[in-house]
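Asker: here are the coordinates; sequence isn't available:
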């Protein structure tokens, strides 16, 4: 009768090698920590640009996990982040937050502090933070707009992380891509945003880095 223990010991190196190979081939994860602009406001999650980007990137074995929630502030994103990092163990985290803070007139100092803590938490988890520039409508006043917009390049420079342009600046140019609230992109805009994000993220999301 075959000795099971001997067979197991003989096959163990091959099993370990197979496991290592499987992990190496497994998809890296891009976690999107955002608000309604990425959550797919008033549409199904499968229609939002992160889902379309995930479909586009499947041949590259990069999984896009959309952890965006409509209405989230930077502080709320920060409070959700530890559990998300533990669950998904992402290699990259795209931070698309701050817009709701700005729309509510929160202190730029507090917004920057919360965003900075998000960046630090991502780095502590051995993931790469990717920060998106956010801009507010012009009717929020020049002084506040300038203080708000300056948060992002300053934080990106201080933390030495990439700063992506604000995709909505392209969408605003097409009124037919906007919902009737004048703030959120509609379903017709999602394929464009997915392509636009793929173009800007591809140089930053690499397996060999």
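Answerer: Yep, that arrived. Not measured: the values here are computed from a predicted model. Numbers count the residues shown, from 1 in each chain.
Asker: low-confidence stretches in the protein?
Answerer: By pLDDT under 70, the weakly predicted segments of the chain are 1-27, 207-209.
Asker: quick one: the strands in it?
Answerer: For the chain, the strands defined by DSSP state E cover 28-34, 62-66, 92-96, 128-132, 163-164.
Asker: what sits up against the first one?
Answerer: Contacts with strand 28-34, where a contact means Cβ atoms under 8 Å, 6 or more residues apart in numbering, come from 38, 50, 61-68, 72, 77, 80-81, 84-85, 88-97, 118, 127, 132, 201, 205, 207. For every residue, glycine as well, the C-beta is placed using N, CA and C.
Asker: wait, residue 67 sits on residue 80?
Answerer: Yes - applying Cβ atoms under 8 Å, one finds residue 67 in contact with residue 80, separated by 7.1 Å.
Asker: tell me the spacing between residue 79 and residue 152.
Answerer: According to Cβ to Cβ, to the nearest Å, residue 79 and residue 152 sit 21 Å apart.
Asker: with neighbour numbers in mind, choose between these two.
Answerer: Shown here are residue 79 and residue 152; by other Cβ atoms under 10 Å, residue 152 has more neighbours (22 against 12).
Asker: how about the contacts made by the more buried one?
Answerer: 98, 115, 131, 132, 133, 134, 163.
Asker: can you redo the residues you listed as CSV with neighbour count and distance to residue 141?
Answerer: Formatted as CSV, the contacts of residue 152 follow (neighbours: other Cβ atoms under 10 Å; distance: Cβ to Cβ, whole Å):
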residue, neighbour count, distance to residue 141
98, 31, 17
115, 26, 21
131, 25, 24
132, 25, 22
133, 18, 19
134, 25, 16
163, 15, 23
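Asker: OK, contacts around the nearest residue to residue 118 once chain neighbours are set aside?
Answerer: Nearest non-adjacent residue to residue 118, counting by Cβ to Cβ, 6 or more residues apart in numbering: residue 78, 5.2 Å away. Contacts for residue 78 (Cβ under 8 Å, 6+ apart) come out as 114, 117, 118, 121.
Asker: report the separation between residue 116 and residue 78.
Answerer: Per Cβ to Cβ, residue 116 is found 10 Å from residue 78.
Asker: what do you get for residue 72?
Answerer: According to Cβ to Cβ, residue 72 and residue 78 sit 10 Å apart.
Asker: dump the residue contacts of the closest residue to residue 56 other than its chain neighbours.
Answerer: Counting by Cβ to Cβ, 6+ apart, residue 198 is the residue found nearest to residue 56 once chain neighbours are left out, at 5.7 Å. Shown in contact with residue 198 (Cβ under 8 Å, 6+ apart): 53, 56, 57.
Asker: out of the residues you listed, who's the most crowded?
Answerer: Within these, most neighbours by other Cβ under 10 Å means residue 53, with 22 neighbours.
Asker: what's the separation between that one and residue 30?
Answerer: Plainly put, residue 53 is 8 Å away from residue 30 if you go by Cβ to Cβ.
Asker: name the residues contacting each of the two.
Answerer: Common neighbours of residue 53 and residue 30 (Cβ under 8 Å, 6+ apart) are 64, 201.
Asker: contacts only, for the closest residue to residue 184 other than its chain neighbours.
Answerer: Spatial nearest neighbour of residue 184, excluding adjacent residues (Cβ to Cβ, 6+ apart): residue 41 at 4.5 Å. Residues near residue 41 by Cβ under 8 Å, 6+ apart: 70, 179, 184.
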